[in-house]
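**Q** below is the sequence, then the predicted model.
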Amino acid sequence: GIAHDFNNLLTTILGNVELLSMKTDNEAILNRLKNIEKAVNDGAYSVRKLQTFTGFGKKREEKNVSVDISRLIRDAVEFTSPKWKDDCQKNGINIEVQMDLQATSPVSMHPSEIREILINLIFNAVEAMPEGGTLTFRSRENNSKVIMEVQDTGVGMAGETCKRIFDPYFTTKGVGNSGLGLSVTYGIVVKAGGMIRVNSEEGKGTVMTLTLPVAQKRIPDEVDITGTPETKSLKILVIDDEDQIVDLLSAMLEGLGHKVVGVHDGRKALSCMEKDRFDLVLTDLGMPGVSGWEVTKKVKEMSPETPVVLLTGWGAEYEGRDLTDSGVAAVLGKPFRLEELMKMIADYCR
């Protein structure tokens, strides 16, 4: 329930970010919108992990992709600038960021995991420099390993603290801190076949060093829609009990030149199908009254050749499954990108 609702919220945010990005060429605004998009994607990845962990999502190996460490470092620095720059300057604290990023081969990890690691390390470094200081990032490659360092000039740690820093629930920050940040970071790095170590001296600062194996083959981290054939103008029925998602999908699809009929419940959808004919039906799965499964069954009875695509916040459970026997052509898990929607339409409505 909560994961499904959260995915619906993320869908609305991501879709509107993409629509806004199409309406501006202001570089500063586009960068901010890109940061929101990355945060949504990271949030969706966290929800998927939560669904799998709790048993409500189909357990599967998440697909790692080839990612450029230097680019992700710059992304994380930009993403966290409100913390290390804006908040600090407001309080009269200055933190200088320096980068010594050498070109490296890509590593094979999910970009959301690397961003999670970097953001955690950046926040820890900022908290270790209450009077300000310098935050330095380095990257290099050695013996088919990518080495990344995050260094601060903060208060540092004693030897005994360094020994326990990756232990679950260990914290030096007092009540209110979970003590899980670095233990989670350690688990992510080890799972990827890497290692993390700490070197710290009281009064001088800390260096966190991550070593990750180079990717064996390049796997792009974005949907490739190059060569996706254009589709003719289609008449599309959109069904979702969330008004915002119906409005969002209508704006997206109409922007692509399609004619859209949007309804907010399954009963109205059935009524529309009795009166009109559609080239494609996009329906939410979990709706009160008439579910996406019932809508699909009715479509197949009335127009067997019309493809039905399920849009669902439970994508972790249904993605990758062959549901053609149920009349479903494809499943598009929320949140989805406009490019994914375009590719899906091209695949099933040529």
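**A** Sure thing, it's come through. Numbering: from 1, shown residues only.

**Q** quick one: average pLDDT of stretch 28-36?
**A** Averaging pLDDT along stretch 28-36 yields 90.

**Q** make 194 the first number, not 1, from now on.
**A** With the count now opening at 194, the last piece we talked about shows up as stretch 221-229.

**Q** OK, contacts around residue 407?
**A** Residues near residue 407 by Cβ atoms under 8 Å, 6 or more residues apart in numbering: 297-300, 334, 337-339. Any C-beta I mention is one placed from the backbone N, CA and C, and that applies to glycine too.

**Q** quick one: buried ones out of those?
**A** Among those, those that count as buried by neighbour count (16 or more other Cβ atoms under 10 Å) are 297, 299-300, 338-339.

**Q** could you identify the most distant pair in these?
**A** 299 and 338 (12.6 Å; Cβ to Cβ).

**Q** in helices, which of the buried ones among the contacts of residue 407 fall?
**A** Nothing among the buried ones among the contacts of residue 407 maps onto helices, per DSSP state H.

**Q** next, format those as JSON lines and append pLDDT.
**A** Listed next are the buried ones among the contacts of residue 407 as JSON lines, based on pLDDT from 0 to 100:
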{"residue": "297", "pLDDT": "92"}
{"residue": "299", "pLDDT": "91"}
{"residue": "300", "pLDDT": "91"}
{"residue": "338", "pLDDT": "94"}
{"residue": "339", "pLDDT": "95"}
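
**Q** TSV for those, including distance to residue 350?
**A** Output for the buried ones among the contacts of residue 407, formatted as TSV (distance: Cβ to Cβ, whole Å):
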residue	distance to residue 350
297	28
299	32
300	27
338	25
339	25
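
**Q** which of those residues lies closest to residue 377?
**A** residue 300 (18.3 Å).

**Q** gap between the closest one and residue 338?
**A** 9 Å (Cβ to Cβ, to the nearest Å).

**Q** common neighbours of those two, please.
**A** Contacts common to residue 300 and residue 338, judged by Cβ under 8 Å, 6+ apart, are 405-407.

**Q** neighbours of residue 482, how many?
**A** Per other Cβ atoms under 10 Å, the neighbour tally for residue 482 reads 10.

**Q** now name the helix or strand holding residue 429.
**A** Using DSSP states H and E, residue 429 sits in strand 428-432.

**Q** now do residue 228
**A** Counting by DSSP H and E, residue 228 is found in helix 220-247.

**Q** just checking, what packs against that helix?
**A** helix 195-214, helix 262-272, helix 304-320, helix 508-511 (3 or more Cβ pairs under 8 Å, 6 or more residues apart in numbering; DSSP states H and E).

**Q** so the longest one versus helix 220-247, what angle?
**A** Orientation check (axes from the mean of the first three to the mean of the last three Cα atoms, to 10 degrees): helix 195-214 against helix 220-247 gives 160 degrees.

**Q** what sits up against helix 195-214?
**A** 223, 226-227, 229-230, 233-234, 236-237, 240, 243-244, 249-250, 435, 437-438, 441-442, 444-445, 448, 479, 505-508, 526-531.

**Q** now a ChimeraX select for only the buried ones of those.
**A** To isolate the buried ones among the contacts of helix 195-214 in ChimeraX, judged by 16+ other Cβ under 10 Å, type:
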select :226,229,230,233,234,236,237,240,244,250,435,438,441,442,445,479,505,506,507,508,526,527,528,529,530,531
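
**Q** thinking again about what came up before, now do the helix holding residue 228 against helix 262-272, angle only.
**A** 100 degrees.

**Q** centre of the chain to helix 220-247, how far?
**A** Distance, stretch centre to chain centre, for helix 220-247: 3 Å (Cα atoms, centre = their mean, to the nearest Å).

**Q** quick check: angle from it to helix 304-320?
**A** 110 degrees.

**Q** what about the strands in the chain?
**A** Ranges of strands in the chain, per DSSP state E, are 258-260, 288-294, 300-302, 326-335, 338-345, 388-394, 398-406, 428-432, 452-456, 473-477, 501-505, 523-526.

**Q** can you list those in TSV and add distance to residue 365?
**A** Shown next, in TSV, are the strands of the chain (distance: least, Cβ to Cβ, whole Å):
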stretch	distance to residue 365
strand 258-260	31
strand 288-294	20
strand 300-302	28
strand 326-335	18
strand 338-345	15
strand 388-394	12
strand 398-406	12
strand 428-432	52
strand 452-456	53
strand 473-477	46
strand 501-505	43
strand 523-526	40
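
**Q** by mean pLDDT, show me the worst of those strands.
**A** Mean pLDDT, when computed for each of the strands of the chain, is lowest for strand 258-260, at a mean of 76.
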